[in-house]
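J.: Make a model of this:
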Amino acid sequence: MDVSQYLEIFIDETAEHIQSLSDNIMALENEPEDHDVINEIFRAAHSLKGMAGTMGFKRMQHLTHDMENVFQEVRNDKIKVTGDIIDVLFQCLDAIEGYLNIIKETSDEGTNDNEGIISALNGILNGDTAPAPKEEKEAEAADAAAEASVSKTAEHEKKYLTMQIASSGREALKSAEESGKVIFGFTVYIQKECLLKAARAFLVFKAIEEFAEVVVYSPSLQDIEDEKFDLDFSFFAVSDHEGVEHMLTAAKTVSEIEDVIGEQLKFESLTEAAGKTKAPELDKALPAEKAASSTAAPVKEDQAKSSSGAAKGKPANKPVANRTVRVDIEKLDALMNQVSELIIAKNSLVSISSSDSGDGTQSQSFRDQIEYLERITTSLHESVMKARMVPIESVVAKFPRMIRDLSRKLDKKMELYMSGEDTELDRTVVDQIGDPLQHLLRNSADHGLESAELRKERGKPEVGSINLKAYQEGNNVIIEVGDDGNGIDTETVKNKAIDRGLVTPEQAANLTQKEIIDFLFMPSFSMAKKITDVSGRGVGLDVVKSNIEALGGDVEVKSKLGEGSKFIVRLPLTLAIIQALLVEVHNELFAIALGSIITIEDVPVSDIKYVQAEEVINLRGIVIPLIRLNQILDIEPPDPEPESLTVVIVNKGEKQAGLVVDNLLGQQEIVIKSLGKFISNSKIISGATILGDGEIALILDVNTLM
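T.: Down below sits the predicted model:
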């Protein structure tokens with residue numbers, strides 16, 4: 001059986017189960033007696049085992065099966081959860097994740113049997129276990145009796161007797177019997193925890209087809225493949241040989257199958273069950289009351305009504321379908337590109353409408369249609385952006401486990417506190433923010449937090465705190481990573497910079513705290529006293545800075561010696577379509593993201609002052625440096641120089657600067673187009689956009705300019 005069509009679903013759902021297991025094992029470490037958590041872990045391990053078995057990943061199935069066995073004993077209070085068991089369980093998770101990574105790359109699980117981990121799991125199972133309490137045994141007996149009762153009830157619900165059969169199916173059954181073959185009817189019940197129902201169904205068909213040919217399905221084969229059925233399905237099969245037991249046994253060996261009911265039938269009995277005495281017409285649903293007159297046991301009236309109702313396609317109390325759907329990111333990208341082209345077309349029409357000659361030749365209806373199109377494109381853009389937005393929870397959910405492992409590896413007591421995990425970002429940003437955040441958290445754990453002894457001397461809590469906080473601020477998302485550790489010793493950083501020849505002692509004396517801290521973001525500038533596998537290899541904060549700036553964001557640091565540090569990451573909500581201010585510098589067009597702009601000022605030249613030979617203005621008590629765009633962009637200055645300057649005040653975190661431009665052309669929704677490698681050496685330009693009149697405007701990167 002080819003199960004490759006289910007591979008993507010398997011990968012997605014396995015990743016979700018791994019994260020669920022990680023969260024619940026973390027919770028179990030704090031509350032070892034919490035039976036709700038224990039049951040969740042058991043269910044997740046059970047589901048993973050079934051999924052791996054279906055896909056043919058035997059090593060992964062073996063490992064999760066042994067995990068399931070351990071938790072079966074934990075559920076029955078025969079094994080108590082200890083720190084050692086938690087460690088083994090996390091090793092299991094790492095091994096499962098290893099299998100998943102190989103499956104992503106090769107569609108195969110690899111050759112690692114993880115014998116050491118499986119041996120550890122079996123060691124847990126073989127340890128001394130207390131006998132189950134009397135109440136537990138009685139409960140188990142009651143559960144077994146209940147299961148037997150359910151099975152007995154199911155045995156009477158022979159739904160194959162009430163199947164709707166098309167004329168072709170009816171003829172196939174009739175001709176098969178006339179040619180000496182035997183007819184068999186089956187109803188299969190799937191466990192409610194089953195995730196891949198269609199895969200289970202096809203495994204049942206495969207098992208039956210070792211002995212017989214399946215000829216009629218209910219629901220249809222296509223509906224079964226599309227999982228358009230609840231927890232049971234029925235079918236007829238024909239064979240040259242009598243006897244149903246070996247087929248039932250084969251079907252029941254398929255995992256996650258609750259029960260299989262089946263028997264040998266006569267075509268005549270089906271017509272009797274349908275209440276027909278002559279030419280059988282089985283196209284309609286067959287009443288269960290008539291089914292009782294053949295080989296089936298008596299059926300209660302309410303069961304009969306239920307069966308008939310199901311056959312007519314009107315199931316009672318049908319569960320509400322999942323209201324989310326997985327969409328390939330490439331499809332969303334294609335949709336975004338189409339929206340981008342629509343916005344460019346809209347801008348073109350707006351450009352035409354604005355070129356009205358003033359003689360009234362342009363009709364009012366045309367202008368109305370332009371306004372309508374503008375509303376539609378804006379609404380469509382917002383809808384697409386919402387479809388692309390995902391909570392950062394998918395990235396940060398793995399960090400509590402990472403901090404737990406670092407706590408043990410570094411022999412420091414620490415706790416991670418997270419808030420704002422539901423803050424949403426564009427999918428492309430979320431996919432790339434994981435590594436920078438991981439670097440910052442490892443930096444806090446290794447460099448930031450002191451040892452327990454030193455914290456005690458300083459009167460701090462023995463357990464260090466690391467905080468990860470996310471929130472939206474305008475068109476940006478802010479992610480703060482902080483700790484209550486030692487903070488950054490700027491004197492030590494400054495001396496290291498002098499030793500490496502980055503600055504002279506004289507220059508270093510005039511550096512601000514921020515300028516000193518900025519050295520930490522330089523390549524290979526590490527303050528670690530020794531190289532470990534946690535940090536200190538000279539690749540950390542420089543990677544953070546470059547990755548975040550590549551996303552159009554920036555990072556700044558606040559630190560106080562002895563009290564802790566905070567890294568503030570600022571990211572744009574989206575990288576595709578933004579609101580921008582169009583400006584002109586000596587007849588050349590540029591765009592500045594509206595989210596970076598604070599205000600626009602008209603500044604007389606006489607108000608310009610100088611600080612260390614640099615132009616600044618004093619704006620309502622704040623000294624703001626000026627950036628002459630014509631100088632930065634190598635454009636000829638205006639001639640003659642005007643008496644007053646148009647200054648766009650922009651910010652990067654708490655810093656402000658004034659961009660000097662010649663003219664303002666107004667606000668516009670623009671589509672960001674990447675320039676690729678053409679001018680990759682210029683970080684000042686972050687992309688380009690096509691305007692309504694076909695002109696190209698370069699987009700200025702405010703962070704780099706500042």
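J.: can you give me the helices in the stretch 551-700 of the chain?
T.: Applying DSSP state H, counting those that start in this stretch to the stretch 551-700 of the chain gives helices spanning 629-632.
J.: Give me the residue ranges of it where confidence is low.
T.: Residue ranges of the stretch 551-700 of the chain with pLDDT under 70: 574-576, 676-682.
J.: helix, strand or coil for residue 544?
T.: Counting by DSSP: H, G, I helix; E, B strand; the rest coil, the backbone at residue 544 sits in helix.
J.: what's the burial count for it?
T.: Residue 544 has 23 neighbouring residues, counting by other Cβ atoms under 10 Å. For the C-beta atoms, the positions are set from N, CA and C on the backbone; glycine is no exception.
J.: ditto for the one 5 residues further on
T.: Applying other Cβ under 10 Å, we find 16 other residues in the vicinity of residue 549.
J.: mind checking how far the residue lying closest to it once chain neighbours are set aside is from residue 352?
T.: Excluding its sequence neighbours, the residue lying closest to residue 549 (Cβ to Cβ, 6 or more residues apart in numbering) is residue 703, at 6.6 Å. Counting by Cβ to Cβ, to the nearest Å, the gap from residue 703 to residue 352 is 35 Å.
J.: Which of those two has more residues huddled nearby?
T.: The residue with more neighbours, out of residue 703 and residue 352, is residue 703; 22 against 14, by other Cβ under 10 Å.
J.: The helix or strand hosting the more buried one packs against which elements?
T.: Here residue 703 sits within helix 702-705, counting by DSSP states H and E. With contacts taken as 3 or more Cβ pairs under 8 Å, 6 or more residues apart in numbering; DSSP states H and E, helix 702-705 sits against strand 644-652, strand 655-661.
J.: What is the burial count for residue 64?
T.: By other Cβ under 10 Å, the residues close to residue 64 number 28.
J.: surely it meets residue 49?
T.: Yes - using Cβ atoms under 8 Å, residue 64 is in contact with residue 49, at 4.0 Å.
J.: returning to what we had before: which parts of the helix holding residue 703 are buried?
T.: Within helix 702-705, the residues that count as buried by 16 or more other Cβ atoms under 10 Å are 702-703, 705.
J.: now stretch 606-615
T.: Using 16+ other Cβ under 10 Å as the test for burial, stretch 606-615 gives 608, 615.
J.: likewise stretch 210-220?
T.: In stretch 210-220, counting by 16+ other Cβ under 10 Å, buried: 211-212, 214-219.
J.: just stretch 659-679 next, same as before
T.: So for stretch 659-679, counting by 16+ other Cβ under 10 Å, buried means 659-662, 668-672.
J.: Could you single out the nearest of those to residue 7?
T.: If you rank the buried residues of stretch 659-679 by distance to residue 7 using Cβ to Cβ, residue 672 comes first, at 33.9 Å.
J.: For the stretch 401-550 of the chain, give me the ranges with low pLDDT.
T.: Ranges of the stretch 401-550 of the chain meeting pLDDT under 70: 474-475, 524, 526-540.
J.: Helices of the stretch 201-350 of the chain, start to end?
T.: Along the stretch 201-350 of the chain, the stretches classed as helices by DSSP H, counting those that start in this stretch are 221-225, 245-252, 267-273, 288-291, 301-311, 329-354.
J.: Check those helices for me: which has the lowest mean pLDDT.
T.: Ranked by mean pLDDT, the helices of the stretch 201-350 of the chain bottom out at helix 288-291, which scores a mean of 32.
J.: one step back: for the residue nearest to residue 549, give its distance to residue 652.
T.: 5 Å.
J.: anything in contact with each of the two?
T.: Residues touching both residue 703 and residue 652 by Cβ atoms under 8 Å, 6 or more residues apart in numbering: residue 554.
J.: thinking again about what came up before, JSON lines please, covering the buried residues of stretch 659-679 and showing distance to residue 25.
T.: Listed next are the buried residues of stretch 659-679 as JSON lines, based on distance: Cβ to Cβ, whole Å:
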{"residue": "659", "distance to residue 25": "52"}
{"residue": "660", "distance to residue 25": "58"}
{"residue": "661", "distance to residue 25": "57"}
{"residue": "662", "distance to residue 25": "62"}
{"residue": "668", "distance to residue 25": "51"}
{"residue": "669", "distance to residue 25": "47"}
{"residue": "670", "distance to residue 25": "47"}
{"residue": "671", "distance to residue 25": "45"}
{"residue": "672", "distance to residue 25": "42"}
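J.: Among the residues you listed, which one sits closest to residue 690?
T.: residue 671 (7.1 Å).
J.: List the contacts of that closest one.
T.: 340, 343-344, 576-577, 689-690.
J.: burial of the nearest residue to it once chain neighbours are set aside, as a residue count?
T.: Excluding the flanking residues, the one nearest residue 671 by Cβ to Cβ, 6+ apart is residue 340, at 4.2 Å. Residue 340: 20 surrounding residues under other Cβ under 10 Å.
J.: what pLDDT does the residue nearest to residue 217 when sequence neighbours are not counted get?
T.: Residue nearest to residue 217 in three dimensions, not counting chain neighbours: residue 235, with 4.9 Å by Cβ to Cβ, 6+ apart. On pLDDT, residue 235 comes in at 92.
J.: If residue 235 is in a bridge, with which residues?
T.: Taking DSSP bridges as the rule, residue 235 bridges to residue 186, residue 217.
J.: since we're on it, how many residues are nearby?
T.: 24.
J.: Surely it touches residue 183?
T.: No - using Cβ under 8 Å as the test, residue 235 is too far from residue 183 to be in contact (11.3 Å).
J.: Pull out the buried residues from the helix or strand containing residue 517.
T.: Taking DSSP H and E as the definition, residue 517 sits inside helix 513-517. Applying a neighbour-count criterion of 16+ other Cβ under 10 Å, one finds 513, 516-517 buried in helix 513-517.
J.: Within its sheet, name the partner strands of the helix or strand hosting residue 468 and how each one runs.
T.: Residue 468 belongs to strand 464-473 when assigned by DSSP H and E. Paired neighbours of strand 464-473 in the sheet (DSSP bridges): strand 414-419 (parallel), strand 476-483 (antiparallel).
J.: per-residue pLDDT, residue 384?
T.: 77.
J.: Contacts only, for it.
T.: Applying Cβ under 8 Å, 6+ apart, the residues contacting residue 384 are 332, 335-336, 339.
J.: Going through those, which ones are buried?
T.: Among the contacts of residue 384, those buried by neighbour count (16+ other Cβ under 10 Å) are 332, 335-336, 339.
J.: In this structure residue 54 contacts residue 203, no?
T.: Yes - the criterion here is Cβ under 8 Å, and residue 54 meets it with residue 203 at 7.0 Å.
J.: Comparing those two, which shows the higher neighbour count?
T.: residue 54 (24 against 21).
J.: so when I look at that one, I'm seeing a strand, right?
T.: No - assessed with three-state DSSP, residue 54 is helix; it does not lie in a strand.
J.: wait, what's in contact with it?
T.: 3, 6, 196, 199-200, 203, 255.
J.: cutoff 6 Å now
T.: Going by Cβ atoms under 6 Å, 6 or more residues apart in numbering, residue 54 touches 196, 199.
J.: and it, how far is that from residue 219?
T.: Distance from residue 54 to residue 219, by Cβ to Cβ: 20 Å.
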